[in-house]
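S.K.: Build me a structure from this.
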Amino acid sequence: MDDAEFDRALIAAAFQLAAEKGWRGVTVGSAARAAGLPLALARERFPGRPAVLLKFGRLADQAALEEAAGEGPGRDRLFDLLMRRIDTLQSHRAGVLALLRALPSEPPTALLLTLATRRSMRWMLDAAGIPTRGINGELRVRGLCAVWLWTVRAWRSDETEDLTATMAALDAALRRAEQAAEWLGWGSRPATPSPPSPPPAEEAPAPDPAA
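M.R.: Now for the predicted structure:
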């Protein structure tokens, strides 16, 4: 088992435990034991639960970036990138939902995921060929974070097999952002971003659990 396989196995075990016991009942050690992984190596690669979430977010980013389209409208490219991140969340759905339910009672974890999500959304914009430097770039990052939060809220209640409701929410959010303010740089008219309103704090995503 190489490092990547080890990380994926421990993350999968952590989210399985979260689904069964709640996120607060998860530790790196318990996840390692559940997956039959050596504790010493688990300690080396995952010093604590935050490391599990950060690694999971990077895996979601990698899954999105591996097949990033090299051409096409920016909105279409962002749609594909963000849906691939959603697919990563979907692969551990029950555990990720348990994590999201726990966030209101764990402010440090919520803050960690907020910062990680900002980094992830900057990568998504870069992959779509949309500038992220300067004030306008920062506004685009914030706008895409709002789009992501909106999409995750839809995903939480989406029980369709093909995630139809989630895709519709993401498409609507991106279209609204594009049409209302052109905050992603499409067209020539500068404007102040007006992305969809983010969901309540208790519905903030993981990441990146996606972080």
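
S.K.: Next, the contact list for the nearest residue to Ala13 once chain neighbours are set aside, please.
M.R.: Spatially, and ignoring its direct neighbours in sequence, Ala13 is nearest to Ala35 (3.8 Å; C-beta to C-beta, 6 or more residues apart in numbering). C-betas here are computed from N, CA, C, even on glycine. Contact analysis of Ala35 by C-beta atoms under 8 Å, 6 or more residues apart in numbering lists Ala9, Leu10, Ala12, Ala13.

S.K.: Distance check, the third one against Glu5.
M.R.: Right, the one you point to is Ala12. 11 Å (C-beta to C-beta, to the nearest Å).

S.K.: The two - which one has more neighbours?
M.R.: Between Ala12 and Glu5, Ala12 has the larger neighbour count (other C-beta atoms under 10 Å), namely 17 against 9.

S.K.: how about that one, what does it touch?
M.R.: Ala35, His92.

S.K.: Please shift the residue numbers so they start at 9 in all later answers.
M.R.: New numbering, starting at 9: the last item is Ala20.

S.K.: can you give me the helices for this protein?
M.R.: Under the criterion DSSP state H, the chain contains helices at 11-29, 36-43, 47-53, 57-73, 82-98, 101-110, 115-135, 142-164, 172-189.

S.K.: I'd like those written out as TSV, with mean pLDDT added.
M.R.: Output for the helices of the chain, formatted as TSV (pLDDT from 0 to 100):
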stretch	mean pLDDT
helix 11-29	97
helix 36-43	97
helix 47-53	96
helix 57-73	96
helix 82-98	94
helix 101-110	97
helix 115-135	95
helix 142-164	92
helix 172-189	86
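
S.K.: wait, Ala59 sits on Thr35?
M.R.: No: at 11.7 Å, Ala59 does not count as touching Thr35 under the criterion of C-beta atoms under 8 Å.

S.K.: list residues touching both of these two?
M.R.: Any residue near both Ala59 and Thr35 by C-beta under 8 Å, 6+ apart counts here, and not one turns up.

S.K.: count of residues packed around Pro139?
M.R.: 12.

S.K.: Quick check: the gap between it and Leu18.
M.R.: In terms of C-beta to C-beta, Pro139 sits 36 Å off from Leu18.

S.K.: How about Pro81?
M.R.: From Pro81 to Leu18 the distance is 38 Å (C-beta to C-beta).

S.K.: More neighbours: the two, which one.
M.R.: When neighbours are counted by other C-beta under 10 Å, Pro81 and Leu18 differ, and Leu18 comes out ahead with 23 against 14.

S.K.: Grab the nearest non-local neighbour of that one.
M.R.: Here the residue nearest Leu18, using C-beta to C-beta, 6+ apart, is Ala39, at 5.3 Å.

S.K.: Wait, Phe87 touches Leu178, no?
M.R.: Yes: contact criterion C-beta under 8 Å: Phe87 and Leu178 qualify, at 6.1 Å.

S.K.: how about Gly137, phi and psi?
M.R.: Dihedral pair for Gly137: phi 80, psi 20, per degrees, to the nearest 10.

S.K.: To what extent is it buried, counted in neighbours?
M.R.: Once other C-beta under 10 Å is used to define contacts, Gly137 is seen to have 16 neighbours.
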